[in-house]
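A.B. asks: okay, here's the prediction I keep looking at, along with the sequence it came from:
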Amino acid sequence: MVRLGALAVGLFFCIAVLWGAVQPRDAVIPDPVKALYKHPTEIAWVHNGAANLGITGTFDRKQLQRGFQVYKEVCSGCHSINRVAFRDLADLGFTVPEIKAIAAGYEVPSIDDKTGEPATRPGTPADKFPLIYPNEIAARAAQNGALPPDLSLIVKAREGGTNYINSLINGYAEAPASWTVPDGLYYNPYFKSLNIAMPPPLAVDDQITYVDGAKSTKVQYAKDIAVFLTWTAEPKLEARKETGMAAIIFLLIMTGLGYLSYKKVWADLKRKPA
Amino acid sequence: MSFPWAKQYQPTTDFGKYMDKQLPVPRLVYSALGAGYPTPRNLNYFYNFGVLNGVALVIQIVTGVILGMHYAPSTLVAFDSIEHIMRDVNSGWMFRYMHAVGASFFFAVVYVHIFRGLYYGSFKPPREVLWMLGLVIFLLMMATAFMGYVLVWGQMSFWGATVITGLFSAIPVVGGYIQTLLLGGFAPDNATLNRFASLHYLLPFVIFGVVILHIWSLHIPGSNNPTGVDVKGPQDTVPFHPYYTAKDFFGLGVYLTLFAAMVFFAPNLLGEVDNYIPANPLSTPAHIVPEWYFWPFYAILRAFTVDFFFIPAKLLGVLAMFAAILLLFFLPWLDTSPVRSNAYRPLNRILFWVFVAVTLVLGVAGGKPAEEPWVMLSQVFTAYYFAHFLILMPLVSRFEKTLPLPNSISESVLAKYGKTPAAPGASFGGAVAQPAE
């Protein structure tokens, strides 16, 4: 009985699904975006990215500080890093007085303690980097309808991560004849819809004066900001790898000992002849 | 436990004797996991996965309880609270990654465990209830994992919840009510997040309860083994402790090493980047895909592309997806071959490996966007999935000519070690086996 029922159910599903399989398929219209889209260029980062399999590798503190400088002087015109606190900048090698000075340079939302009205006050190390726009509508109104995303997590929120940021910044190009870019947008083959609202942010050399003497080129800016944003997305990356090394070493020793005791326990059952 | 030659717990201290009369926990442990539990002596490494499942469950519960201390199930702050765990909670990043990667590892070891059961015929009598309890655990795990994924309240959480609860709307008449009941509204919102958080905390303990029943049911007939032959006497078994505690500890070490490698060096490898974007009801991601462990079932769901007579394609897909799991409950009565292990079933063994390949292809197809050739592959392989269990398996089990079985476990072990005339493929030629004590 069970088998007859099973046979009926099995035949029903098989025929129903194969009935779909033999239907003619819609003609595939080639997607013009797919033809022009480019995958991010792979670069061997010292830290090996936020999600990639990299066992060692730490951030370059100088590069992080340069990336922060790029963020502050260029990106922060439109993009916030609202999940990062000023105190986190200690990871970049900044000292406490430096962090206090950086924080004080920002106005963070507050409440006037006399009137109770919304107000602002200078930031402290405990504050997060403030939003650039109070809300999405304000952002779109100021940005010609576009929404500059918060960059705190952007490296983990995009396929290709660090490579994606680097490729995108350097990726602006002339649109091919087959592709029309709407007014107010820019052609960038690394952006998923190819039309990006962000104007080329780091398009010329010598836009930024690096204090550490690194070459001030647009290629360098893109790398530095990509690494900085990797850190904002995964501030515990170094702690994670360090802990990982210790954990793996411990587990390998434990497993090795476990193997030896397993062999010893079973020796009397699997003994070779003398 | 179930074998007359099982050793009995003997309390040696006065306190031990006192406790044994009132709360004999040591006796329980001794008989369930200790020297008092005779276990077939020929279990291979695939039999480690039961213990690995248990450990994976405990890791999920422990890390989950810790995460629950810092997570806030409100649509306003759920995503932020997880980033708070990642950035500001001491070692929060580690617990969060352990929990996320742990879910993937849990499913991975459960799948191996299920396929092990399929290969060695562990679902056959006298272990049908054991098998069905395992399937109940599997279903509970799927519900728990899905709801846990929604708690992140990222883009894929939100849209996954929309798609999966939307499946219920395909059920005629009551579907819409069920969907509204699941969501607590007409779209995923705060009510959804709250009830999912509540159930996500509850269900692991339900799973734990069913696991106890699963182990209890296992201990009545005892473990199956790679030959599928029943235990006949003391020479066929070894005490669980120290033999299998030692072997399981080694297997656990390997598992934890792989787990740590993923947690610490590639925690986001199996995740979706879109789930690092906070949920936005106004923006649909290009490809909505569930986590990898649902991909074969997702492929079956999407394989039904056209209506069949009066049945809409969506309903067919939903029915097929649920049927794909529920039919496993009938397996003990579909595969009627008296021989359990595929080691002695040449035809069914081929079918088994074809089925493994088919599930893997369905898995890949389920993770791809709904484009050719993946749709066509999903359809053909979905048909095979049902044909395998519901048509081929009953036929093969009836007409297959099986190989001769060894007389006993110990005989097969002795043959393997070359004591008796060497069996074909014996790999430890020349070794002498000792009978179990």
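C.D. replies: Ah, there it is. Numbering: from 1, shown residues only, chains lettered A, B, ... in the order given.
A.B. asks: get me the contact residues on the stretch 51-200 of chain B for chain A.
C.D. replies: B:D80, B:E83, B:M86, B:R87, B:W93, B:M94, B:Y97 (CB under 8 Å from any CB of the partner chain). Placement of C-beta: from N, CA and C, glycine included.
A.B. asks: out of those residues, which are buried?
C.D. replies: Buried members of those, counted by 16 or more other CB atoms under 10 Å in any protein chain shown: B:E83, B:M86, B:R87, B:W93, B:M94, B:Y97.
A.B. asks: could you find the closest non-adjacent residue to the residue nearest the centre of chain A?
C.D. replies: In chain A, the centroid-proximal residue (CA atoms, centre = their mean) is A:V155; its distance is 0.7 Å. Leaving out its chain neighbours, the residue that sits closest to A:V155 by CB to CB, 6 or more residues apart in numbering or on different chains is A:A233, at 4.0 Å.
A.B. asks: hang on, isn't that neighbour packed against A:R158?
C.D. replies: No. Counting by CB atoms under 8 Å, A:A233 sits too far from A:R158 to count as a contact (9.7 Å).
A.B. asks: between these two, tell me which one has more neighbours.
C.D. replies: Set A:A233 next to A:R158 and count neighbours by other CB atoms under 10 Å in any protein chain shown: A:A233 wins out with 28 against 23.
A.B. asks: ranking helices and strands of the chain by mean pLDDT, which lands last?
C.D. replies: I went with chain A, as the question did not name one. Every helix and strand of chain A was ranked by mean pLDDT, DSSP states H and E. The lowest is helix A:32-36, at a mean of 88.
A.B. asks: wrong chain, I was asking about chain B
C.D. replies: For chain B, counting by mean pLDDT, DSSP H and E, that's helix B:409-416 with a mean of 84.
A.B. asks: that helix: which residues count as buried?
C.D. replies: Those would be B:I409, B:S410, B:E411, B:S412, B:V413, B:L414, B:A415, B:K416, for helix B:409-416 by 16+ other CB under 10 Å.
A.B. asks: let's have the residues you listed in CSV, adding distance to A:A21.
C.D. replies: Listed next are these as CSV, based on distance: CB to CB, whole Å:
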residue, distance to A:A21
B:I409, 46
B:S410, 50
B:E411, 49
B:S412, 44
B:V413, 48
B:L414, 51
B:A415, 47
B:K416, 46
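A.B. asks: ok, of those, which one's closest to chain A?
C.D. replies: Chain A has its nearest neighbour among the buried residues of helix B:409-416 in B:V413, at 8.4 Å by CB to the nearest CB.
A.B. asks: now do the contacts for B:L351.
C.D. replies: Going by CB atoms under 8 Å, 6 or more residues apart in numbering or on different chains, B:L351 touches B:H388, B:L392, B:M393, B:V396.
A.B. asks: mind redoing it with 10 Å?
C.D. replies: B:N342, B:R345, B:H388, B:L392, B:M393, B:V396, B:S397, B:E400 (CB atoms under 10 Å, 6 or more residues apart in numbering or on different chains).
A.B. asks: how many neighbours does the first one have?
C.D. replies: For B:N342, the tally of surrounding residues (other CB under 10 Å) stands at 22.
A.B. asks: residues touching the residue nearest to it when sequence neighbours are not counted, list them.
C.D. replies: Nearest residue to B:N342, sequence neighbours excluded (CB to CB, 6+ apart): B:R349, at 4.3 Å. Residues near B:R349 by CB under 10 Å, 6+ apart: B:Y119, B:S341, B:N342, B:A343, B:E400, B:L403.
A.B. asks: would you format these as a markdown table with secondary structure and pLDDT included?
C.D. replies: Below are the contacts of B:R349 laid out as a markdown table (DSSP: H, G, I helix; E, B strand; the rest coil; pLDDT from 0 to 100):
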| residue | secondary structure | pLDDT |
| --- | --- | --- |
| B:Y119 | helix | 97 |
| B:S341 | coil | 95 |
| B:N342 | helix | 96 |
| B:A343 | helix | 94 |
| B:E400 | coil | 92 |
| B:L403 | coil | 93 |
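A.B. asks: give me the buried subset of these.
C.D. replies: B:Y119, B:S341, B:N342, B:A343.
A.B. asks: so where is chain B shaky, pLDDT-wise?
C.D. replies: By pLDDT under 70, the low-scoring segments of chain B are B:1, B:418-437.
A.B. asks: show me what the helix ranked longest in chain A is packed against.
C.D. replies: Taking DSSP state H as the criterion, chain A has its longest helix at helix A:237-266. When contacts are defined as 3 or more CB pairs under 10 Å, 6 or more residues apart in numbering or on different chains; DSSP states H and E, helix A:237-266 packs onto helix A:218-233, helix B:92-119, helix B:245-265.
A.B. asks: at 7 Å what do you get?
C.D. replies: helix B:245-265 (3 or more CB pairs under 7 Å, 6 or more residues apart in numbering or on different chains; DSSP states H and E).
A.B. asks: export the helix it packs on as CSV, just CAs?
C.D. replies: Coordinates of each C-alpha in helix B:245-265 appear next as CSV, following Å, rounded to 0.1, in the frame of the first residue of the first chain:
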residue,chain,number,x,y,z
THR,B,245,35.1,7.9,23.4
ALA,B,246,38.8,7.9,22.2
LYS,B,247,37.8,7.7,18.6
ASP,B,248,35.1,10.4,18.9
PHE,B,249,37.5,12.7,20.7
PHE,B,250,39.9,12.4,17.8
GLY,B,251,37.1,13.0,15.3
LEU,B,252,36.0,16.0,17.4
GLY,B,253,39.5,17.4,17.3
VAL,B,254,39.5,17.3,13.5
TYR,B,255,36.0,18.9,13.4
LEU,B,256,36.9,21.7,15.8
THR,B,257,40.1,22.4,13.9
LEU,B,258,38.2,22.8,10.6
PHE,B,259,35.6,24.8,12.4
ALA,B,260,38.2,27.2,13.9
ALA,B,261,39.8,27.6,10.5
MET,B,262,36.6,28.8,9.1
VAL,B,263,35.5,31.0,12.1
PHE,B,264,38.9,32.8,12.3
PHE,B,265,40.0,32.9,8.8
